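> everything below, folded, please.
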Amino acid sequence: MNDKELISIAREAQQNAYAVYSQFKVGAALLAADGQVYTGVNVENSSYGLTICAERNAVCNAVACGNRNFDKLAIYSSCSPPAMPCGACRQVLFEFAPSLQIICANDSNEIKRFMLNQLLPDGFKLKDL
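Residues are numbered from 1 along each chain as shown. Alright, predicted model coming up:
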């Protein structure tokens, strides 16, 4: 799947975000190694610490479906520059795919591309201890 298609899926998912407090809607589309795509959205909560980001939501969706091998993640937001994954999301993604390709896009057609291990160098893995 090409980047444009994955970004489009993340943009569609963004519409389902539950962002009643911040109005900051984010959609994510996670491409698994087998070609399956798993979406996620941010889901806010009155207790802000319980809010879940779109990226972690997509990972949980994939894992719940039995998939743990990921190649690429598109994150779609309306802000400029495009939203980046937070630290918690970086660590959760690192658990499964340290070399994950990350594409951040927005309504202004700005696109940023990174490798996860660039965004989280020397990420933590318990098995490495």
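
> could you measure from A62 over to K112?
Using Cβ to Cβ, to the nearest Å, A62 is found at 23 Å from K112. Glycine gets a C-beta too; all of them are placed from N, C-alpha and C.

> those two: which is more packed in?
Comparing A62 with K112 by other Cβ atoms under 10 Å, the one with more neighbours is A62, at 22 against 14.

> what helix or strand is the more buried one located in?
According to DSSP states H and E, A62 maps onto helix 54-64.

> show me what counts as buried in that helix.
A54, E55, R56, N57, A58, V59, N61, A62 (16 or more other Cβ atoms under 10 Å).

> which ones are touching the fourth one?
Meaning N57. A28, G40, V41, N42, V43 (Cβ atoms under 8 Å, 6 or more residues apart in numbering).

> how about the helices in the protein?
Counting by DSSP state H, one finds helices in the chain at the ranges 3-14, 54-64, 87-96, 116-119.

> what's the third one packed up against?
Applying 3 or more Cβ pairs under 8 Å, 6 or more residues apart in numbering; DSSP states H and E, one finds that helix 87-96 contacts helix 54-64, strand 70-77, helix 116-119.

> buried deepest among the helices of the chain, which one?
Mean neighbour count (mean count of other Cβ atoms under 10 Å) peaks for helix 54-64 among these, with a mean of 21.

> surely V43 is in contact with A58?
No - contact criterion Cβ atoms under 8 Å: V43 and A58 do not qualify, at 11.7 Å.
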